[in-house]
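Asker: Got a predicted model here, sequence first, then my questions.
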Amino acid sequence: MSGFSSIRFGADYNPEQWPKAVWDEDVRLMRGAHMTSATVGVFSWAKLEPRPGEYNFEWLDEVLDKLHEGGIRVILATATASPPAWLARLHPESLPVKEDGTRLNFGSRQHFSPSSSAYRTYAMRLVHQIAARYHSHPALEAWHINNEYGCHVSHSYDDESAAAFRAWLTERYGTIEALNEAWGTAFWSQAYSEFAEVGVPAQAPAHRNPAQLLDFNRFSSDALLALHREEAGIVREYSQGVPITTNFMGFFPRVDYWRWAEHVDVVSDDAYPDPADPDSYVLLSAERDLMRSLGGGKPWLLMEQAPSAVNWRDRNMPKAPGMNRLHSLNAVARGADAVCYFQWRQSVAGAEKFHSAMLPHFGTESRIHREVQDLGRELAGLDAVVGTEVKAQVAIVLDWDSWWAIEQEAVPASRDYLETVLAWYAGFLRRGVEVDFTRAGASTAGYQLVVVPVLHVASTAALDELASVATRGNTLVVSYQSGVLDPQLHAYTGGYLGGVGSALQQALGVAVEEVAPLASAETVTLLDGSIQGAATDWQERVEVRDAEVLASFDDGFAAGQPAITRREHGANSGIAPGAAWYVGTQPTAPLMDALVERWLADAGISAAFAAPEPGVETIVRGGFRFTGNHTAEPRTVTIAGKTWELEPYGAHYEPIAT
Amino acid sequence: MSGFSSIRFGADYNPEQWPKAVWDEDVRLMRGAHMTSATVGVFSWAKLEPRPGEYNFEWLDEVLDKLHEGGIRVILATATASPPAWLARLHPESLPVKEDGTRLNFGSRQHFSPSSSAYRTYAMRLVHQIAARYHSHPALEAWHINNEYGCHVSHSYDDESAAAFRAWLTERYGTIEALNEAWGTAFWSQAYSEFAEVGVPAQAPAHRNPAQLLDFNRFSSDALLALHREEAGIVREYSQGVPITTNFMGFFPRVDYWRWAEHVDVVSDDAYPDPADPDSYVLLSAERDLMRSLGGGKPWLLMEQAPSAVNWRDRNMPKAPGMNRLHSLNAVARGADAVCYFQWRQSVAGAEKFHSAMLPHFGTESRIHREVQDLGRELAGLDAVVGTEVKAQVAIVLDWDSWWAIEQEAVPASRDYLETVLAWYAGFLRRGVEVDFTRAGASTAGYQLVVVPVLHVASTAALDELASVATRGNTLVVSYQSGVLDPQLHAYTGGYLGGVGSALQQALGVAVEEVAPLASAETVTLLDGSIQGAATDWQERVEVRDAEVLASFDDGFAAGQPAITRREHGANSGIAPGAAWYVGTQPTAPLMDALVERWLADAGISAAFAAPEPGVETIVRGGFRFTGNHTAEPRTVTIAGKTWELEPYGAHYEPIAT
Amino acid sequence: MSGFSSIRFGADYNPEQWPKAVWDEDVRLMRGAHMTSATVGVFSWAKLEPRPGEYNFEWLDEVLDKLHEGGIRVILATATASPPAWLARLHPESLPVKEDGTRLNFGSRQHFSPSSSAYRTYAMRLVHQIAARYHSHPALEAWHINNEYGCHVSHSYDDESAAAFRAWLTERYGTIEALNEAWGTAFWSQAYSEFAEVGVPAQAPAHRNPAQLLDFNRFSSDALLALHREEAGIVREYSQGVPITTNFMGFFPRVDYWRWAEHVDVVSDDAYPDPADPDSYVLLSAERDLMRSLGGGKPWLLMEQAPSAVNWRDRNMPKAPGMNRLHSLNAVARGADAVCYFQWRQSVAGAEKFHSAMLPHFGTESRIHREVQDLGRELAGLDAVVGTEVKAQVAIVLDWDSWWAIEQEAVPASRDYLETVLAWYAGFLRRGVEVDFTRAGASTAGYQLVVVPVLHVASTAALDELASVATRGNTLVVSYQSGVLDPQLHAYTGGYLGGVGSALQQALGVAVEEVAPLASAETVTLLDGSIQGAATDWQERVEVRDAEVLASFDDGFAAGQPAITRREHGANSGIAPGAAWYVGTQPTAPLMDALVERWLADAGISAAFAAPEPGVETIVRGGFRFTGNHTAEPRTVTIAGKTWELEPYGAHYEPIAT
């Protein structure tokens, strides 16, 4: 639970960019924009500690007091996100090192190796100071640990990282023999005789050891989490009852947020969809659903978004009129209790001066600021949803191990894991069906339909849990390239899906003999079965043992082979019948829509939209139905007999009939 | 003034590539080709000083004497362009370092850090030797300092460069507080507590500080210029009255030639248009006009071109028959008093053996050599233009600060500054209108029309000067993305164009509320106003305060917003009326042509061509009208009632009627 | 001669990846698959010598004994291909260094600088151990030295490599003056005063010295060969009569196999054509013909192929049913006495677990394993061809110096040398004409037709040998960009083709005045002559002195210039008339087919196919005619009046009528 009693509306506030004279105006204008919260101190280390051990807190005292007097509450950052120049100079070894051995330098932000002891020492000393000084400040409503962990530097190949990696491996494997076995070092003469020989997987002549790469991903994610936990621990020494968070970055590929989410009091997210991409609403919606799922269904905070353009793409389009409101309501509908921005006042200098802000270069009499003011006013009327949850009957399995492993080199075909997962998610979004994401291995109880796209890596226990979905009477959908490797990246032999005789093979009634990637733009047709359509990306030779073949390939390498199968479970037993689907290819959108229709029917779930509505979303939260139009054209939608007109980028909400 | 009494026709001459036996033949064949000048010694350091302090000048004495006897005059290089192998070995720290920290090595050319003290010491010692020995040689007609400064290495990230950068910054800012303020280091915790903490902007995790990057561009340009000035100073100690030059490289992005041009006696240029690109004549013509403008209108020297193909593109097309003459006359027409080549005799070894030369591998009985001989003969008849100038009524502002800043990352949209400027220039070229380039901040007096494309960075003084164009009764044209940042890269708030209430905002009668890059291939239409057409690349929300809206956007983010405005000045006053145009988008070529028509009318300038003539040029110099056809088809052109037929790649000139 | 009495059918066998329990099953299943040979120990160093000097051979003894008992013979590797982790830790200087100065690390394979003394010392010590222990093992049938030399690391820029390069240069040139002359260091001030100043051509600011680059290619190839020769020498100390080989990699660009082939007893090859590329059969067939040619016509060994997909492309398609057999018979037809795979049992861990193997993850009841079993059975019936040779009347010159030089930067146009050569080869393949590759400078006696595509670099002697083809009464075909540079990369002036007055210019009756690359997608037409068609890539101005012009260019830079010429030799003499063709452009496939027709007629060679048959091949070996269909459609072919039906990817062979 976020613990907030009203929707928070706010922004990062970086007053150190401005002379004091501006601060009073800031508070006044914040109030005019209905702002409730300000995140302060994210990049303040150099100002708070201009020289090692020499602190300067007076300005921050003043800022917090002014905000407090203005009725703006404060989310206080620990200021450790970007170390000062003196640290880089005193401890050049604290700077990160790239895979090729070259060093990254001071001059932007986040220039520290996650394993640097010097960084850690100085950062934690600062956190002590800040927590001690401000834990009882009346404006304080939350702690913000560091900032966007790993955004620019998640993996460092420096010597301290190598030592930390060895320690992590020693902890994980115990003996060098266990590591050798896990990593398959017998191949290519990679066996180690002691841990001291093991290094980080820096640039090498050929494909590097896949398990070493995966473990380095895991280690790097853990190293960042360890930093977070150490900071959070210090804060908790001084401050009780004030929630702790750090800002996640949606589907961030380099940190396993399932592991991290346990260590925050409330989940936060930074979300920057590309206004130029008409499909970005899929990612955006999925990202909200992930944030909710990370917190176990609890409300979360939209910590950063842009009111209009960002500055870091090659071409940075503004948000069309209405889009800022649409995205903000999309967040609230999907579980957010806060709508915040980076940043309050647009910078006039530095690397982000062209990033839009609540108060733009042009000033208050601007489209952007007017939209912000209107939104602030509107959100203040939505407090009824605060603290409420969203109920989903469908779960999609999302797994960082699979993500890391499937995007390695030396696999059957290169793949964008996130894009693949979203193609499955989008089928449900187009029907207005609520979806949670779930962790591989987590209990699937409570979901009527569980979808498993390209779960490349999975433990036997996780696969058993998935198999149980069908056997207990619910609907399971498993895609190609699932259950191929165990958590040590050893192949499950004898048909994948967990290997010969696995519970999952049994539940599905199939095994995979052979895989066949298609060329990147290639499409194959599925004509012969009861389900027809087009598919891309992948074919297989599937051995069907006990399942109905619903579609076969008509062309390509696997012409004549089964493409989609279904096994029914317990139809004649006392319990409700379950169904286990196997999909050995990547459906195109029309085929996905047809399949979603079938899966929902199997699972007994009714969709809000009677037919797919690309570009439109609907979701229920806290007694309200939210509907949004993510297209540039007006749209009419009908849900349960009721019809709404939505203007371009328009959003609507109203209480649901009870 | 070049100081030459006849058109120079010549080449780089590198006799050290050949046995002495060839030298006599060279002089004989040079005379046969009507050659008047030879540039000698550009890459001779290793031969002149084979070991540190051990000099060998006898061969050069002999070469100069032979040339003198043959009637060929000498442009003598200072030989410092490519240091010998022994310097790299003695002083590996003199080698340049890339942004990623890796070092460039000996084995090609220009392998020195511009800030290397070792390079500087040895180079200047050599210049003393050469100047002392040859300052009175009777063949000497000019000094050629170094060669193509910065062509391969303009920025080096080595330790000496970092120290020199700190010294440059200390000189510029005085205090570290001033630097912090200028660079906006308050953002992202980048504040420095002393200059010793400041480094070069080498690779870093995220976007680097924009002002640091810009200052490093300025410093790097200045560091090269300092080398030039030191060499020139030494030469001047020994040699008076002999002009000093160094060869520029057209629109070279990494050196500010406005600052440099003050330090040469005559401007020189190396120009290598791509024969495979039918639009290269635009760049070529603009490059000539820039060279003339750098010298304040004085004649300049075409120091290097290729008679046919170069060797450094991916595919190197020859110049079609006639093209060599066409390009040479294009240079003369636009102010050149010399037409020279790289190089006299085609190398048989080394990195440039496939670069065409006046005397090709095939020998004298070749198309290339025959064309060279013919051209030499023809140019000898054009001495009447020597020393004369070209008169232009139109000026286009070109600014290296804007170039550097607009091509940084973290801007609204990536942009090719030169391509953008040339799109504006080309509108005048197609009409046969003479154009100068002018420096931001320089006096605009004397121009009836001043065009300001994407002047992203500008001082208030420079913007005031531009505003005065309209208020004094001339015509001013300002494009989008102008006057956005001050010279420290701080945004001008309150509508850009120099910021709230600026003279430029007043002159134009508009302010810019919001900018909206288009997708890279996107086109929008302007249909509603008195000017119609298509535009690309950029849209804006413009607040019109006191101007006529001549065109509005019909589609895109800014649909319905003003696109092109015009404010008339002093129509009812005693002075001639001025006009101030604002163009908030990038016109396509047809729209640009329509606008040029309007601007010329406002400015009272008549064009040579009655309608746009793509691929054809005309210009007047020294009493001659030069006309050239840069297309592969015959063309007929009419100017002032007179008609010429131009064959493919044909050029024509004749005295103008007086 | 391979010395084998039956066709070998086998694979790399890496038992160290598996528990001992699997070994017995392996031998049993190998027998079931009709396997005769296993290559053992390729990546066993870490297991054989887990710590420096501490050997562990017992497991290998056991493996060899088990194989011997099972009737499987052993090709024993020297195990030096991938050094153990302890070597990288003890001697980090043994790791290779990239051109940019960054180091490659342990963690994949082949992580050694070819010039590392530490690697060499430890590797040779191991070879002594292995050779001493196993030279008399009854299973041993061949020695396999190292593995895929240079595959990932052929060039290293470390300090030891630089020292070895200097030693190699001193040996080659004797004096620094000779090196300066050869490299043309007079240009760009690159002269060296002593060998100690010379380095490897690591990254530099501009184009590096071409001759230095070429010599570094030669040195790097020699450095790998020296390692091979040292290993082979040690093996020969212990083992006589057992053939020594190492696995080549087809047209491997970085090692000169002509020099290498002299130092193996039998040539071996690893071949991995891309099943997704319908044209890969051209490369595949040419690769087989090269292997045969490298061995002077003797049988060779297909040491590695994949039964289906590999794992190292971006997308790895499986081999369609039949394709594995087709490729295997293609190898046998073109001279192979062995058909082997990487690897026997598919890995479950490590970097190649998704590389197909004879025994796949799915197990024995799989398409792949069944096809392997069937092929093993079939090949056992083909022993009649063992030891026989293939007779070709056509030779194509292949030259690594030209390859290296033509793919450098700073040439007239970038070129893929291999793709160009294969375009000439393919014309003969489509007609079912047997082709050998031959080395520049080797005797051309015995060939009726010699084809010389883009022989950019050649000695005068080599060019004289080629000229003699025509003068002795055979047919010579020379393409553009031949005879341009001598072996020191100095241009032959006066018309290329060996330079003014060369034997080749005389034989052809032409000289080249000027070259003109076309744009990459550009096509020109040849309409005016007796040969018509379309060409790409290149045009020339050719001076015809004594030859018939058969085709001229109709468009492009060289419109109206000769494109294809033919000079007849000795028509009125007592000997058979010879013909010398010059082709100054790159024919498209239809034009190439027309030319092949003419060349075969000139040479008196009859083709198997009466017309081009793209995608189909035929070749005669050992009294059998082999025919293969490399397309996905059934094909009917007729040879000498006899007709065969070939199914998709089908292959057929039968004794030829005698």
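Answerer: Received the coordinates, thanks.
Asker: any idea how far A:K47 is from A:A131?
Answerer: Applying Cβ to Cβ, to the nearest Å, the value for A:A131 to A:K47 is 18 Å. Yep, even glycine has a C-beta here, placed from its N, CA and C like the rest.
Asker: can you give me the helices for the stretch 401-550 of chain A?
Answerer: A:417-429, A:460-471, A:503-508 (DSSP state H, counting those that start in this stretch).
Asker: give me the number of residues near the closest residue in space to A:Y13 that isn't next to it in sequence?
Answerer: Spatially, and ignoring its direct neighbours in sequence, A:Y13 is nearest to A:A38 (3.9 Å; Cβ to Cβ, 6 or more residues apart in numbering or on different chains). For A:A38, the count of nearby residues is 29 (other Cβ atoms under 10 Å in any protein chain shown).
Asker: How is A:A38 assigned, secondary-structure-wise?
Answerer: Under DSSP: H, G, I helix; E, B strand; the rest coil, A:A38 falls in the strand class.
Asker: coming back round to it: could you identify which of the helices of the stretch 401-550 of chain A is most buried?
Answerer: helix A:503-508 (a mean of 26; mean count of other Cβ atoms under 10 Å in any protein chain shown).
Asker: re earlier: would you agree the residue nearest to A:Y13 is in contact with A:W344?
Answerer: Yes. With contact defined as Cβ atoms under 8 Å, A:A38 counts as touching A:W344 (6.8 Å).
Asker: Mind listing the shared neighbours of these two?
Answerer: Each of A:A11, A:D12, A:Y13, A:M30 lies in contact with both A:A38 and A:W344 under the rule Cβ atoms under 8 Å, 6 or more residues apart in numbering or on different chains.
Asker: Contacts only, for the first one.
Answerer: Which is A:A11. Residues in contact with A:A11 (Cβ under 8 Å, 6+ apart) are A:M35, A:A38, A:T39, A:C340, A:Y341, A:F342, A:Q343, A:W344, A:A357, A:M358.
Asker: Which members of the residues you listed are positioned in strands?
Answerer: Among these, the members found in strands (DSSP state E) are A:A38, A:T39, A:C340, A:Y341.
Asker: Closest to chain B out of the residues you listed?
Answerer: A:T39 (14.6 Å; Cβ to the nearest Cβ).
Asker: count of neighbours near that closest one?
Answerer: Applying other Cβ under 10 Å, we find 28 other residues in the vicinity of A:T39.
Asker: Could you list everything it pairs with in the sheet?
Answerer: Residues in a beta bridge with A:T39, per DSSP bridges, are A:D12, A:I75.
Asker: is any part of the one helix or strand A:V332 maps to close to chain B?
Answerer: Element membership for A:V332 (DSSP states H and E) is helix A:323-333. No. Against chain B, helix A:323-333 shows no contacts by Cβ under 8 Å from any Cβ of the partner chain, the least distance being 10.3 Å.
Asker: shaky segments in the stretch 51-200 of chain A?
Answerer: For the stretch 51-200 of chain A, not a single residue meets the criterion pLDDT under 70.
Asker: Please, where are all the strands along it?
Answerer: A:73-77, A:140-144 (DSSP state E, counting those that start in this stretch).
Asker: where does the stretch 501-650 of chain A have low pLDDT?
Answerer: Residue ranges of the stretch 501-650 of chain A with pLDDT under 70: A:571-576.
Asker: Tell me where it has strands.
Answerer: Using DSSP E, counting those that start in this stretch, strands in the stretch 501-650 of chain A cover A:510-517, A:523-526, A:533-536, A:538-544, A:548-552, A:562-569, A:578-583, A:586-587, A:616-621, A:624-629, A:635-639, A:642-646.
Asker: Tell me which other helices or strands the longest helix seen in chain A touches.
Answerer: Counting residues, the longest helix found in chain A (DSSP state H) is helix A:210-238. Using 3 or more Cβ pairs under 8 Å, 6 or more residues apart in numbering or on different chains; DSSP states H and E as the contact test, the elements touching helix A:210-238 are helix A:117-134, helix A:159-173, helix A:176-183, strand A:244-245, helix A:257-261, helix A:400-406.
Asker: Could you list the buried residues of that helix?
Answerer: A:210-228, A:231-232, A:234-235, A:238 (16 or more other Cβ atoms under 10 Å in any protein chain shown).
Asker: Please apply the same query to stretch A:389-409.
Answerer: For stretch A:389-409, by 16+ other Cβ under 10 Å, it's A:389-390, A:392-408.
Asker: Next: stretch A:49-59.
Answerer: For stretch A:49-59, by 16+ other Cβ under 10 Å, it's A:E49, A:P50, A:F57.
Asker: thinking again about what came up before, for the helices and strands packed on helix A:210-238, which one sits closest to chain C?
Answerer: Of all the helices and strands packed on helix A:210-238, it is helix A:176-183 that lies closest to chain C, at 7.1 Å by Cβ to the nearest Cβ.
Asker: CA atoms only for that closest one - export them in CSV, please.
Answerer: Provided in CSV are the C-alpha atoms of helix A:176-183 (Å, rounded to 0.1, in the frame of the first residue of the first chain):
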residue,chain,number,x,y,z
ILE,A,176,35.0,-24.6,-8.0
GLU,A,177,33.8,-28.0,-9.1
ALA,A,178,30.2,-26.9,-8.8
LEU,A,179,30.9,-23.8,-10.8
ASN,A,180,32.6,-25.8,-13.5
GLU,A,181,29.7,-28.2,-13.7
ALA,A,182,27.1,-25.4,-13.8
TRP,A,183,29.0,-23.4,-16.4
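Asker: Find the closest residue to chain B in chain A.
Answerer: For chain A, Cβ to the nearest Cβ, closest residue to chain B: A:A349, 2.5 Å.
Asker: mind checking how far that residue is from chain C?
Answerer: 34 Å (Cβ to the nearest Cβ, to the nearest Å).
Asker: just to revisit the earlier point, buried deepest among the strands of the stretch 501-650 of chain A, which one?
Answerer: strand A:578-583 (a mean of 27).
Asker: What helices and strands are in contact with it?
Answerer: helix A:460-471, strand A:475-479, helix A:503-508, strand A:562-569, helix A:589-603.
Asker: Mind doing that once more with 6 Å?
Answerer: Identification of packing neighbours for strand A:578-583 by 3 or more Cβ pairs under 6 Å, 6 or more residues apart in numbering or on different chains; DSSP states H and E yields strand A:475-479, helix A:503-508, strand A:562-569.
Asker: got the residues of chain A near chain C?
Answerer: With Cβ under 6 Å from any Cβ of the partner chain as the criterion, chain A meets chain C at residues A:100-101, A:184, A:186-189, A:191-193, A:197, A:201-209, A:410-414, A:490-491, A:493-494, A:513, A:516-517, A:557.
Asker: List buried residues within those residues.
Answerer: For the residues of chain A next to chain C, a burial check counting by 16+ other Cβ under 10 Å picks out A:100-101, A:184, A:186-189, A:191-193, A:197, A:201-209, A:410-413, A:490-491, A:494, A:513, A:516-517, A:557.
Asker: hmm, back to that, can you list the strands of the stretch 51-200 of chain A in TSV and add mean neighbour count?
Answerer: Below are these laid out as TSV (neighbours: other Cβ atoms under 10 Å in any protein chain shown):
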stretch	mean neighbour count
strand A:73-77	25
strand A:140-144	23
